[in-house]
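K.L.:
Show me the folded form of this:
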Amino acid sequence: MIQSINENLFAFILLIATIVSGAAWTYDFIKERPKRKLNLSKAQEVKTLTKKERKQILEPKGVLGQVGSLFFVLLFVFVFRSFFYEPFRIPSGSMMPTLLSGDFIAVDKSAYGIKNPLTNGTIIEGEKPKRGDIIVFKYPEDKTIDFIKRVVGLPGDRIIYHRKHIYIKKADAPKDEAPILVSTRMIETEEEEFMGFTQSYDVFKESLSEDETHLIRINTSAPDLKEYFYVQKGFEAGEWVVPENCYFAMGDNRDNSKDSRFWGFVPFENIVGKTSTIWLSFEFDRDEKSALPTWIPSAIRFNRIGSID
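P.N.:
The predicted structure follows:
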């Protein structure tokens, strides 16, 4: 799961604020601004005004005027956030080691075309997601929740997940070709404390295409939980064929990720955008004896700021 930096409520508040400030600006422009111009003309007939004095006379007055003066700033933020980039916060470890809890990311909402922010319908066509892209999307089972995962399968691909290995038969592969094992190479072993126990994770370098590599994390001692997999009609558990206009997405932390293996496919219309960069990263490793609350960051991870590999 992923969280919008200001949650979904922020989008609604921003929309209302933009509408209200727009109405205030329109009223001021039509009704009050002509009056201020008239006052300026009268004042200039009496004496020569300085630039500061002219500005003071023309400035919007009262609460309505001040609210209206915010319109263009709010409009810019609303358009920029709706069509181009939106900030999100990573609250969990499902994308480790690529993304950590406490990372703040920017999501390019125009990467796959321009969408209507209200209906999510495509206005201008763009590129389609590629294998290896990290995408933010509306969780198919509850569209009020945003998820972040990596694209593993494209429309028409046949995906097999067996004993922690991925096999892919691409949509354009010959009919008699068997699914091909996704290339992985072990890098290191990590240990992590969890509820008083030490767990070991193997870190692999995985390649979903010729020009793309990334790191994944696997707990080799953990079960596959195959009995909880989403079972597609006509196939056994652990095997899927990606439908048209849908994608198969998985977390990089393979044994700690609720993804397409468990709930199915990501419709293209659910995709919010492509993750582009980490613009801030907080560490929350605070000792229990600390007087400060645990939600207050203990450090900024400057080494994580930048583009996402």
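K.L.:
so how far is the host helix or strand of Leu215 from its chain's centroid?
P.N.:
Using DSSP states H and E, Leu215 maps to strand 212-218. Between the mean C-alpha location of strand 212-218 and the chain-wide mean there is a distance of 19 Å, by CA atoms, centre = their mean, to the nearest Å.
K.L.:
quick one: contacts of it?
P.N.:
Residues outside strand 212-218 that contact it (CB atoms under 8 Å, 6 or more residues apart in numbering) are 96-98, 130-132, 150, 164, 184, 187, 190, 201-208, 252-256, 309. C-beta: built from backbone N, CA, C; applies to glycine.
K.L.:
PyMOL command for the buried members of these?
P.N.:
Only the buried members of the contacts of strand 212-218 end up in this PyMOL selection, burial being decided by 16 or more other CB atoms under 10 Å:
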select buried, resi 96+97+98+131+132+150+164+184+201+202+203+204+206+208+252+253+254+255+256
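K.L.:
Pull the contacting residues for the residue nearest to Gly113 when sequence neighbours are not counted.
P.N.:
Setting aside the residues directly before and after it, Gly113 is nearest to Gly126 in space (CB to CB, 6 or more residues apart in numbering), at 3.2 Å. The contact partners of Gly126, by CB under 8 Å, 6+ apart, come to Ser110, Ala111, Tyr112, Gly113, Ile114.
K.L.:
give me the number of residues near Phe265?
P.N.:
One way to gauge burial is a neighbour count; for Phe265, by other CB atoms under 10 Å, it gives 22.
K.L.:
quick one: it and Asn245 touch, right?
P.N.:
No: when contacts are counted by CB atoms under 8 Å, Phe265 is not listed as touching Asn245 (9.3 Å).
K.L.:
Where does the prediction get shaky in the stretch 1-150 of the chain?
P.N.:
For the stretch 1-150 of the chain, the stretches flagged by pLDDT under 70 are 1-9, 118-120.
K.L.:
What is the helix or strand hosting Val67 packed up against?
P.N.:
Under the assignment given by DSSP H and E, the secondary-structure element containing Val67 is helix 62-69. Taking 3 or more CB pairs under 8 Å, 6 or more residues apart in numbering; DSSP states H and E as contact, the helices and strands that helix 62-69 lies on are helix 7-27.
K.L.:
Skip ahead from the helix it packs on and say which helix or strand is next.
P.N.:
For helix 7-27, the following helix or strand on the C-terminal side (DSSP H and E) is helix 33-46.
K.L.:
Just give the closest residue to Phe147, not the sequence neighbours.
P.N.:
The nearest residue in space to Phe147 (CB to CB, 6+ apart) is Tyr139, at 4.9 Å.
K.L.:
show me what contacts the one you found?
P.N.:
By CB under 8 Å, 6+ apart, the contact list for Tyr139 reads Met1, Ile145, Asp146, Phe147, Trp263, Asn270.
K.L.:
Give me the buried subset of those.
P.N.:
Among those, those classed as buried by neighbour count (16+ other CB under 10 Å) are Asp146, Phe147, Asn270.
K.L.:
for Ser276, helix, strand, or coil?
P.N.:
strand (DSSP: H, G, I helix; E, B strand; the rest coil).
K.L.:
which residues does it contact?
P.N.:
Under the criterion of CB under 8 Å, 6+ apart, the neighbours of Ser276 are Tyr85, Ile105, Ala106, Val107, Asp108, Ala111, Ser307, Ile308.
K.L.:
what's the closest non-adjacent residue to the first one?
P.N.:
Excluding its sequence neighbours, the residue lying closest to Tyr85 (CB to CB, 6+ apart) is Ala106, at 5.2 Å.
K.L.:
on that earlier part again, ok, so of the buried ones among the contacts of Tyr139, who is nearest Leu292?
P.N.:
Proximity to Leu292 was ranked across the buried ones among the contacts of Tyr139 by CB to CB; first place goes to Asp146, at 28.6 Å.
K.L.:
Look up how far Val266 lies from that closest one.
P.N.:
Using CB to CB, to the nearest Å, one gets 12 Å for the distance from Asp146 to Val266.
K.L.:
May I have the distance across stretch 83-98, first residue to last?
P.N.:
Using CA to CA, to the nearest Å, the gap from the first to the last residue of stretch 83-98 comes to 25 Å.
K.L.:
And that stretch, what's buried?
P.N.:
83, 85-86, 88-90, 92-98.
K.L.:
All set now, cheers.
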